[in-house]
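*Asks:* for reference, the sequence and a predicted model appear below.
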Amino acid sequence: MLWFEVMKPMASEASGRQAAHSTIDRADQRNAVADWMYWRYLAELLNAALAEAPVLAPA
(Lines give C-alpha, C1' and ligand atoms only; values in the text may rest on other atoms or scores of the structure.)
Protein backbone atom coordinates (compact mmCIF):
# COMPACT_ATOMS: atom_id res chain seq x y z
CA MET A 1 0.00 0.00 0.00
CA LEU A 2 1.40 3.39 -1.02
CA TRP A 3 0.48 5.01 2.30
CA PHE A 4 2.84 2.74 4.25
CA GLU A 5 5.64 3.21 1.72
CA VAL A 6 5.36 6.99 2.07
CA MET A 7 5.40 6.84 5.87
CA LYS A 8 8.37 4.45 6.20
CA PRO A 9 10.99 7.21 6.58
CA MET A 10 9.07 8.55 9.58
CA ALA A 11 9.60 5.26 11.41
CA SER A 12 13.26 4.97 10.49
CA GLU A 13 15.73 4.47 13.32
CA ALA A 14 18.76 5.29 11.14
CA SER A 15 21.67 6.70 13.09
CA GLY A 16 22.59 10.31 12.46
CA ARG A 17 19.08 11.53 11.66
CA GLN A 18 19.39 14.30 14.24
CA ALA A 19 22.74 15.55 12.88
CA ALA A 20 21.17 18.04 10.47
CA HIS A 21 19.26 19.71 13.31
CA SER A 22 22.41 20.42 15.31
CA THR A 23 24.78 21.35 12.49
CA ILE A 24 26.26 24.79 11.95
CA ASP A 25 25.96 24.54 8.16
CA ARG A 26 22.97 26.61 7.03
CA ALA A 27 22.27 24.43 3.98
CA ASP A 28 21.98 21.32 6.17
CA GLN A 29 19.68 23.15 8.58
CA ARG A 30 17.56 24.42 5.68
CA ASN A 31 17.23 20.87 4.33
CA ALA A 32 16.26 19.57 7.78
CA VAL A 33 13.56 22.23 8.10
CA ALA A 34 12.30 21.49 4.58
CA ASP A 35 12.06 17.79 5.43
CA TRP A 36 10.20 18.57 8.65
CA MET A 37 7.79 20.87 6.84
CA TYR A 38 7.15 18.22 4.16
CA TRP A 39 6.34 15.50 6.70
CA ARG A 40 4.17 17.85 8.73
CA TYR A 41 2.24 18.83 5.58
CA LEU A 42 1.84 15.18 4.59
CA ALA A 43 0.58 14.27 8.06
CA GLU A 44 -1.99 17.08 7.89
CA LEU A 45 -3.17 15.87 4.48
CA LEU A 46 -3.60 12.36 5.84
CA ASN A 47 -5.46 13.66 8.91
CA ALA A 48 -7.78 15.71 6.73
CA ALA A 49 -8.44 12.76 4.43
CA LEU A 50 -9.26 10.51 7.36
CA ALA A 51 -11.46 13.11 9.03
CA GLU A 52 -13.54 13.52 5.88
CA ALA A 53 -13.79 9.82 5.09
CA PRO A 54 -17.40 8.67 5.28
CA VAL A 55 -18.21 5.90 7.71
CA LEU A 56 -20.25 3.26 5.96
CA ALA A 57 -22.95 1.66 8.06
CA PRO A 58 -23.78 -1.97 7.37
CA ALA A 59 -27.04 -2.35 5.49
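*Replies:* Right, received. Where do you want to start?
*Asks:* and what about the residue most central in space within the chain, helix, strand or coil?
*Replies:* Centroid-nearest residue in the chain, with Cα atoms, centre = their mean: residue 39, separated by 2.6 Å. Put simply, residue 39 is helix when judged by DSSP: H, G, I helix; E, B strand; the rest coil.
*Asks:* pLDDT score for it?
*Replies:* Predicted confidence (pLDDT) for residue 39: 86.
*Asks:* try the one 10 residues further on
*Replies:* The confidence metric pLDDT takes the value 83 at residue 49.
*Asks:* what's the local residue count around it?
*Replies:* 10 (other Cβ atoms under 10 Å). In this view, the C-beta of every residue, glycine as well, is placed from N, C-alpha and C.
*Asks:* can you give me the helices in the chain?
*Replies:* Taking DSSP state H as the test, the helices found in the chain are 2-7, 26-52.
*Asks:* reformat the ones you listed as TSV; add distance to residue 19.
*Replies:* Output for those, formatted as TSV (distance: least, Cβ to Cβ, whole Å):
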stretch	distance to residue 19
helix 2-7	22
helix 26-52	8
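*Asks:* so what's residue 44 scoring on pLDDT?
*Replies:* 90.
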